[in-house]
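Novice: sequence and predicted structure below; questions after.
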Amino acid sequence: MPLDPTPVPEELRGLRIVLLVSGGVAAYKMVDLASALTQAGCAVRVAMTPTAARFVGPATFQGVTGNPVVTGLWPAGGAAEPHVFLGDWAQLVLLAPATANIIGRISAGASADIVTATILAARCPVIVAPAMNDAMWAKPAVQANLDTLRQRGLVICEPETGHLASGHEGAGRLASPAHLYRSMAAAARLRYDLAGRRVVVTAGGTREPIDPVRFISNYSSGKMGFALASAAADRGASVTLVTTASHPEHPGVAVQRVETADDMLAELRAQLKGASLLLMAAAVADFRPARTVTEKIRREDTKTMTLQLESIPDLLAEVAKDPELAGVYRVGFAAEGSALDDKAIAKIKRKGLQAILANDISRRDIGFGSEFNAGVLLFADGSRVDLEKMTKREMADRILDALVKKLPALHSAERVTVTG
């Protein structure tokens, strides 16, 4: 079968896709699909049932995707369980071909093999593409199982009518690549409204050294920035988190560790080239020691010490002055104790921002170190979104809901792809 000429839709390019293959004769068609998705910039990982491996060898899929193929439930060494890793990693799961047997087991909630277990562990849209004999397809039990999957939120890409491997003519033939792509793209559009965009997020409080063991910093935990980075990645963006803090791992977030404001500015200039959006959630120090001592200051060597400080250049203002970064939509964050709107609007103008999130640091139930936040998202065009107290992850999604509507349209040439 020649490679299908149907182009991979823009909505899929750059996504992390898990292809699950069960033991039907149409398994061989998935090799071309995996190859086309990989060439289109998708990161593709394949998992197969033992029966599927009798139709197509795992080495074939590894050859076209560049990633090892999973055929069992047991992890290697100290690695995470394969189905958990794939369920966390995937932004889209396609099960094709889906035999009557595998459909029945998924409907029953079984997880006895890598394919069924991965579907249960998936945190993303799942598309199921049945393929089987026409008589099997017509059976009430199969249709009832498919209805169960639909009710549970899985997308069914129905088979086509045509010549079947059994020699019969009828319904049950695996959907064409064009049909599969349409189903996958529709699911992606609903879930991944930042697909193809590069997003840079900053998090945590910068550290300005006094001597080799002491520094000036603040109470920022970096939790809001990490929530924004995770939310953007879960919506399909290619995300870089520039941070001073430690965070849990997220499969869609590349982390760049920094310490000082100068480190952060240098990293921003490198990472923002080609980016669509900057979310400047880091609490950057306003001042730093005018002189850093190279050796530890010993208490017994001094009775008193005067620490002379100098101001730190405003990172957002510096980014705004860089002509190479003019196309980046810049969002600042303002922690204020009073007059939130007035101070935030002044910062929008002073820093050259498109929007700013202001929150009240006088409230003890939100902000630094808390799992919750509240505030107001103000835009340079005068619009606003009021955000009542909620978890930082909920707030991250609400912020992105508003920003997606404001971002300039993304042209095909600007889309980014992922690897790994």
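Specialist: Good, I have the coordinates.

Novice: C-alpha only now, for contacts and for neighbours.
Specialist: Noted.

Novice: pretty sure Q256 is in a strand, no?
Specialist: Yes: remark: Q256 belongs to a strand, assigned using DSSP: H, G, I helix; E, B strand; the rest coil.

Novice: excluding chain neighbours, what is closest to it?
Specialist: Nearest non-adjacent residue to Q256, counting by CA to CA, 6 or more residues apart in numbering: V242, 4.8 Å away.

Novice: show me what contacts G72?
Specialist: The neighbours of G72, taking CA atoms under 8 Å, 6 or more residues apart in numbering as the test, are T49, P50, P82, D113, I114.

Novice: for these, work out which two are farthest apart.
Specialist: P50 and P82 (14.9 Å; CA to CA).

Novice: of the two, give the one with the bigger neighbour count.
Specialist: Counting neighbours by other CA atoms under 10 Å for P50 and for P82 shows that P82 has the greater number, 20 against 17.

Novice: point out where the chain drops to low pLDDT.
Specialist: Scanning the chain for pLDDT under 70 picks out the ranges 1-4, 78, 410-420.

Novice: how about the top helix by length along it: buried residues?
Specialist: Of all the segments assigned as helix in the chain under DSSP state H, the longest by residue count is helix 177-191. With burial defined by 16 or more other CA atoms under 10 Å, the residues of helix 177-191 counted as buried are P177, H179, L180, Y181, R182, S183, M184, A185, A187, A188, R189, R191.

Novice: same check on stretch 317-331?
Specialist: For stretch 317-331, a neighbour-count test (16+ other CA under 10 Å) marks A317, V319, A320, L325, V328, Y329, R330, V331 as buried.

Novice: tell me which of those residues fall in helices.
Specialist: Judged by DSSP H, the buried residues of stretch 317-331 include A317, V319, A320 as members of helices.

Novice: residue contacts, the first one?
Specialist: In this case it means A317. Taking CA under 8 Å, 6+ apart as the definition of contact, the neighbours of A317 are R350, K351, G352.

Novice: let me know the closest of those to K343.
Specialist: Distances from K343 to the contacts of A317, taken as CA to CA, are shortest for R350 (10.4 Å).

Novice: do you know how far the nearest residue to the closest one once chain neighbours are set aside is from P323?
Specialist: Using CA to CA, 6+ apart and skipping the chain neighbours, the partner closest in space to R350 is A317 (7.5 Å). According to CA to CA, to the nearest Å, A317 stands 12 Å off from P323.

Novice: then P289?
Specialist: Applying CA to CA, the value for P289 to P323 is 30 Å.

Novice: in contact with I17, which residues?
Specialist: Under the criterion of CA under 8 Å, 6+ apart, the contact list for I17 reads C42, A43, V44, R45, A90, Q91, L92, V93, L94.

Novice: typo on my end, it should be M184
Specialist: Shown here is M184, whose contacts under the criterion CA under 8 Å, 6+ apart are L12, L92, L94, I127.

Novice: can I assume the third one sits in a helix?
Specialist: No: according to three-state DSSP, the state of L94 is strand, so it is not within a helix.

Novice: how far away is it from P177?
Specialist: Counting by CA to CA, the gap from L94 to P177 is 12 Å.

Novice: likewise for D381?
Specialist: D381 sits at a distance of 43 Å from P177 (criterion: CA to CA).

Novice: confirm M136 sits in a strand?
Specialist: No: judged by three-state DSSP, M136 forms no part of a strand; its state is helix.

Novice: measure how buried it is and give me the count.
Specialist: M136: 16 surrounding residues under other CA under 10 Å.

Novice: kindly report the same for E300.
Specialist: Using other CA under 10 Å as the criterion, the residues surrounding E300 number 6.

Novice: how does this structure divide into domains?
Specialist: Structural domains annotated on the chain: 10-191, 198-294+308-413, as defined by automatic domain parsing.

Novice: what would the ones you listed look like in TSV with distance to D301?
Specialist: TSV is the format used below for those (distance: least, CA to CA, whole Å):
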stretch	distance to D301
domain 10-191	49
domain 198-294+308-413	14
